[in-house]
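*Asks:* Have a look at this fold, sequence not included:
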């Protein structure tokens, strides 16, 4: 007979811990860890979420097969964002096929580094000698261009403009935890989410119609998908489905990178000694005039360590979930029955003092030396772990290093607000930097 799973205190009738999740999710999940230990049950509007804590428990979570812990079944509230038949509404085999994106392979990354550098130069071309910029808006627009060019194709990227930024922002704000109750409630954030998705469908439809009118034969991913036909001659993928693919790729390649880039620059500004180290590293690396290439990006250990520490302190996703299907999920003497969700908290794990001494301190040296912190493969989990580790992790790291290789050599930056005003907005399941988040820039003198 299994040991009963401890249940977290502080539930309210009907909603359970849902309002606390919406108000302060990290505090809720840390409270569960402190009260319950390795395993504890949170209640969200009548649904059970069994949280697992510590490397051993998280390893069991990440190593469980899809047939036992299903990712898609745990995220029904994301279907209105991605749409029918895409990501969380796809079969396990379809999701595996989607992960085999050739753009994420080692050979393809070599070309992406140079194109991302060019895109960054293009974005800052109009900055002039000095000024200020909202980090979230800047990096959100930049990474839409860099991610779409790399993951879909340069021809498609040239069809995109800055008007996409607020549409994706509305989609991300539509991930309110209230969706646990019903993702289709008449809330303003859900209405904006649905309106943004309709506009994206129309946006892509206009691109394809324009190409057909002009007789252009493009070779990007979406044009290839448009050409695939069913046996009866009808298109295999309609614009609605392709839009869902576009949203899923941008959530993966754009959202996480824009958030991490924003926080990385802020942490470097908060810690000028590390800004100096990184800038000296870049000046030395590029002193011979080499271009930003894939090979160069493999030789930036200080910058990479700063990004890893930023991901530890400010993970773009703070909660990963699976639903127990087919057979109960067992860990030690506990058993989670079929139908319940299980989860791990990236935010709590990444600040576990047993793994990361002085966990609140920004310390990129954790990733250097004989025992780097990221060797805790089931403890340092900003990219997940095991079979579901983010396949775009290498692309994400390459992308931010390419961007910062340009920004920090061209400009100097300083905070434009009191340091304590820069914070993450945790009111949605998809975490973003709260606005305003402005910094000032000034053209740097040649080193």
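*Replies:* Happy to help now that I have it. Keep in mind that what you see is a predicted model, and the values were worked out from it rather than measured.
*Asks:* Tell me which other helices or strands the longest helix anywhere in the chain touches.
*Replies:* For the chain, the helix that runs over the most residues, judged by DSSP state H, is helix 188-214. Applying 3 or more Cβ pairs under 8 Å, 6 or more residues apart in numbering; DSSP states H and E, one finds that helix 188-214 contacts helix 79-82, helix 164-173, helix 221-227, helix 239-250. Backbone N, C-alpha and C define where each C-beta goes, glycine included.
*Asks:* I'd like a version of those helices in CSV, one that adds distance to residue 411 as further columns.
*Replies:* Shown next, in CSV, are these (distance: least, Cβ to Cβ, whole Å):
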stretch, distance to residue 411
helix 79-82, 34
helix 164-173, 21
helix 221-227, 33
helix 239-250, 26
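*Asks:* Can you add mean neighbour count and give those helices back as a markdown table?
*Replies:* Shown next, in a markdown table, are the helices and strands packed on helix 188-214 (neighbours: other Cβ atoms under 10 Å):
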| stretch | mean neighbour count |
| --- | --- |
| helix 79-82 | 21 |
| helix 164-173 | 20 |
| helix 221-227 | 17 |
| helix 239-250 | 22 |
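*Asks:* Now tabulate those in TSV and tack on mean pLDDT and distance to residue 282.
*Replies:* Listed next are the helices and strands packed on helix 188-214 as TSV, based on pLDDT from 0 to 100; distance: least, Cβ to Cβ, whole Å:
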stretch	mean pLDDT	distance to residue 282
helix 79-82	86	37
helix 164-173	91	27
helix 221-227	87	32
helix 239-250	87	28
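*Asks:* Nearest to residue 324, out of the ones you listed?
*Replies:* Of all the helices and strands packed on helix 188-214, helix 79-82 sits nearest to residue 324, with 19.6 Å by Cβ to Cβ.
*Asks:* Can you give the contact residues for that closest one?
*Replies:* Outside helix 79-82, the residues within contact range by Cβ atoms under 8 Å, 6 or more residues apart in numbering are 88-89, 171, 174-175, 183-184, 190, 193-194, 197, 244, 247-248, 251.
*Asks:* Just give me how far that helix sits from the chain centre.
*Replies:* 16 Å (Cα atoms, centre = their mean, to the nearest Å).
*Asks:* show me where the stretch 301-447 of the chain has strands.
*Replies:* Secondary structure of the stretch 301-447 of the chain (DSSP state E, counting those that start in this stretch): strands at 319-324, 329-331, 334-336, 341-345, 411-415, 424-425, 432-433, 438-443.
*Asks:* wait, the stretch 1-150 of the chain
*Replies:* Under the criterion DSSP E, counting those that start in this stretch, strands of the stretch 1-150 of the chain are mapped to 39-44, 47-52, 69-70, 130-134.
*Asks:* residue ranges with poor pLDDT in this structure?
*Replies:* Across the chain, the ranges flagged by pLDDT under 70 are 1, 85-110, 253, 447.
*Asks:* Find the residue at the geometric middle of it.
*Replies:* residue 256 (2.9 Å; Cα atoms, centre = their mean).
*Asks:* Quick check: that residue vs residue 392, distance?
*Replies:* Distance, residue 256 to residue 392, by Cβ to Cβ, to the nearest Å: 8 Å.
*Asks:* I would like the residues contacting stretch 35-52, please.
*Replies:* 5-9, 11, 14-18, 21, 28-29, 32-33, 53-54, 56-58, 60-61, 177, 180-181, 321, 331-332, 334, 336, 340-345.
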